[in-house]
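K.L.:
Got a predicted structure here, sequence first:
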Amino acid sequence: MSRALRVTLIGIVLILASLFVLGICVIDIQTGGPAPDGLALGLFVLGIIVSMIGIFFVKE
């Protein structure tokens, strides 16, 4: 597997992890718990950045 594809897949996994954390946030808000929205947003932005690095900047 090429390095660019590997870095892009890591970015996609980070984006999916942010969606998972966001789902937990929705469930916690309904039950009255603290909402880690910042963590979900941070994972999403980090996933976008890592994916863009994998697509545009990593050479094979």
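P.N.:
In hand now; what should we look at? Everything quoted here is computed from the prediction, not taken from an experiment.
K.L.:
Relative to Ser2, how far out is Ala40?
P.N.:
Remark: distance between Ala40 and Ser2 (CB to CB, to the nearest Å) = 30 Å. In short, each C-beta sits where N, CA and C put it, glycine included.
K.L.:
nope, Leu43 is what I was after
P.N.:
On the measure of CB to CB, Leu43 and Ser2 end up 24 Å apart.
K.L.:
again with Leu22
P.N.:
30 Å.
K.L.:
In terms of neighbours, single out the busier of these two.
P.N.:
Leu22 (18 against 11; other CB atoms under 10 Å).
K.L.:
What residue, apart from its backbone neighbours, is nearest the more buried one spatially?
P.N.:
Distances taken as CB to CB, 6 or more residues apart in numbering put Ala40 closest to Leu22, at 4.2 Å, once the chain neighbours are dropped.
K.L.:
what's the average pLDDT for the helix or strand hosting Gly42?
P.N.:
Take DSSP states H and E as the rule and Gly42 turns out to sit in helix 37-52. Averaging pLDDT along helix 37-52 gives 82.
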